[in-house]
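**Q** Structure for this input, please:
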Amino acid sequence: MNSHFGPAPPVPLCDASGQLNPNAVGWSSQPRVACSLPGNLGRRKRWNHWTINTPDWTLSLIQADIDYVGYGAVYFLDLNSGQHVAHSQLSLFARGCCLPDTPLGSHAFEHPRVQLHFNEFPGRVRLTATSADIGGLPLHLALDIQRPDHQESVNLVVPFGKKGFHATCRQVGLPVTGSVQLGDREYQCANGQSFASMDFGRGVWPLNSHWTRAVFAAPGGIGGNFGSGWTDNSGHSENALWFGGLLLHLEQAVQMRQTGLQPLAPWHLSTDDGQVDLTFTPRQVHVAKPRLGLGLLYADTYEWFGQYDGLLRDAYGERVPVKAANGWIGASQTRW
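**A** So this is what the prediction gives:
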């Protein structure tokens, strides 16, 4: 399993008893924290969430281990026709769910009904997934996700609550090639216009939580990651822009609001200083509401998929236009 921490040794996220290591708290543009989670049995949350965005279709893959249950989910959406298929699978005590302690390690979810494999190689990830029946159709996909050497990422550790904390690595704008076979139809990645994002999360969470996140990527290494909810009142921000694959961390808040009541109403994303001024136009929306324990435990998620247009400013104040950049916005409310 690859570590990819560079010349400095990794900083442990926790001590042996599961208490947050104060030296792990903060932000960096490269992974630096080893996210083993000892102790805290029942409150630990681990997940890897991949999203593939192309001009014509989008794919979301989630693998999670929340101690008492494992979760694997696949969602595929044809943006032009609106056709979509989804399958989510639970596994008691996270059997068959293998997640690493580092953001750049191989991982897999194995179940008779769905198999997800993310195999890490130098500079790339080989993603394969198979399901004999997803929405009544067989699914087979094989994708190569590139990790350019110069590409930076959002790496953040935030404490919250009395004992809670979360470590994340947000990777955005990773070029993708390959195809998805759904039934008798094959969907290809559009060359130079298909990008992956990954959300690596490891933490100790309270029972109730919520967050909103927005992501987009465009050719030329342009991209953005904006979030709120889990970082509120912490003094830390996951907000960032990419220019040529290099990251500009934003300390200021990014306002994200939908401008109407209709499900596909546009969103406006902005900062007070004008560094971000974007309109997100959804093409489709996906709602997932898995339930456990007679409905007492849940993770309600809304995901909008579409395009971003507008204006960014780089570190020098230069204007960078954004036109029809593919991306998404997600909002989650959980009791887990």
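**Q** Okay, buried residues for stretch 190-200 please.
**A** Buried residues in stretch 190-200, defined by neighbour count with 16 or more other C-beta atoms under 10 Å: Gln193, Ser194, Phe195, Ala196, Ser197, Met198, Asp199, Phe200. In this view, the C-beta of every residue, glycine as well, is placed from N, C-alpha and C.
**Q** didn't Gln63 look like it was pressed against Ser106?
**A** No. Taking C-beta atoms under 8 Å as the definition, Gln63 is not a contact partner of Ser106, at 11.5 Å.
**Q** Between those two, tell me which one has more neighbours.
**A** Legend: neighbour count by other C-beta atoms under 10 Å for Gln63 and Ser106, higher for Gln63 (22 against 16).
**Q** can I assume the more buried one sits in a strand?
**A** Yes. Using DSSP: H, G, I helix; E, B strand; the rest coil, the assignment for Gln63 is a strand.
**Q** Could you give the bridge partners of it?
**A** When assigned by DSSP bridges, Gln63 has beta-bridge partners Asn48, Gly72.
**Q** what separates it from Asp56, distance-wise?
**A** Per C-beta to C-beta, to the nearest Å, Gln63 is found 25 Å from Asp56.
**Q** where do the contact lists of Gln63 and Ser106 overlap?
**A** Phe118 (C-beta atoms under 8 Å, 6 or more residues apart in numbering).
**Q** partners of the longest strand belonging to the chain, with directions?
**A** Using DSSP state E, we find that the single longest strand of the chain is strand 164-182. According to DSSP bridges, strand 164-182 forms sheet pairs with strand 137-146 (antiparallel), strand 154-160 (antiparallel), strand 185-188 (antiparallel), strand 195-204 (antiparallel).
**Q** most packed of the ones you listed?
**A** When you average the neighbours per residue for each of the strands paired with strand 164-182 (mean count of other C-beta atoms under 10 Å), strand 195-204 leads with a mean of 24.
**Q** Alpha carbons of it, as PDB, please.
**A** Written as PDB, here are the backbone C-alpha positions of strand 195-204 (Å, rounded to 0.1, in the frame of the first residue of the first chain):
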ATOM      1  CA  PHE A 195     -12.400  14.400 -14.300                       C
ATOM      2  CA  ALA A 196     -12.500  12.600 -11.000                       C
ATOM      3  CA  SER A 197     -12.800  13.900  -7.500                       C
ATOM      4  CA  MET A 198     -12.200  12.000  -4.300                       C
ATOM      5  CA  ASP A 199     -13.300  12.700  -0.800                       C
ATOM      6  CA  PHE A 200     -11.200  10.700   1.700                       C
ATOM      7  CA  GLY A 201     -12.700  11.000   5.200                       C
ATOM      8  CA  ARG A 202     -11.600   9.600   8.600                       C
ATOM      9  CA  GLY A 203     -13.000  10.800  11.900                       C
ATOM     10  CA  VAL A 204     -14.900  10.500  15.100                       C
END
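**Q** Need the contact partners of the helix or strand just after that strand.
**A** Per DSSP states H and E, strand 195-204 leads on to strand 208-218 as the next helix or strand towards the C-terminus. For strand 208-218, contacts defined as C-beta under 8 Å, 6+ apart pick out 51, 53, 170, 172-173, 195, 197, 199, 223-230, 242, 254, 256, 267, 269, 278, 280, 308, 322-323, 325-336.
**Q** tell me the angle strand 208-218 makes with strand 164-182.
**A** Angle of strand 208-218 versus strand 164-182, following axes from the mean of the first three to the mean of the last three C-alpha atoms, to 10 degrees, is 50 degrees.
**Q** quick one: strands adjacent to strand 208-218?
**A** Applying DSSP bridges, one finds strand 208-218 paired with strand 222-228 (antiparallel), strand 319-335 (antiparallel).
**Q** who wins for proximity to Arg124 among these?
**A** Counting by C-beta to C-beta, Arg124 lies closest to strand 222-228 out of the strands paired with strand 208-218; the figure is 18.1 Å.
**Q** in the sheet, who's paired with the residue most central in space within the chain?
**A** For the chain, Asp199 is the residue whose C-alpha lies nearest the centre (C-alpha atoms, centre = their mean; 3.0 Å). For Asp199, the beta-bridge partners are His49, Arg170 (DSSP bridges).
**Q** if I pick it, what's in contact with it?
**A** Neighbouring residues of Asp199 by C-beta under 8 Å, 6+ apart: Trp47, Asn48, His49, Trp50, Thr168, Cys169, Arg170, Arg213.
**Q** I'd like the distance between Val74 and Asp133.
**A** Distance, Val74 to Asp133, using C-beta to C-beta: 11 Å.
**Q** what does Leu311 give?
**A** For Leu311, the distance to Asp133 - C-beta to C-beta - is 45 Å.
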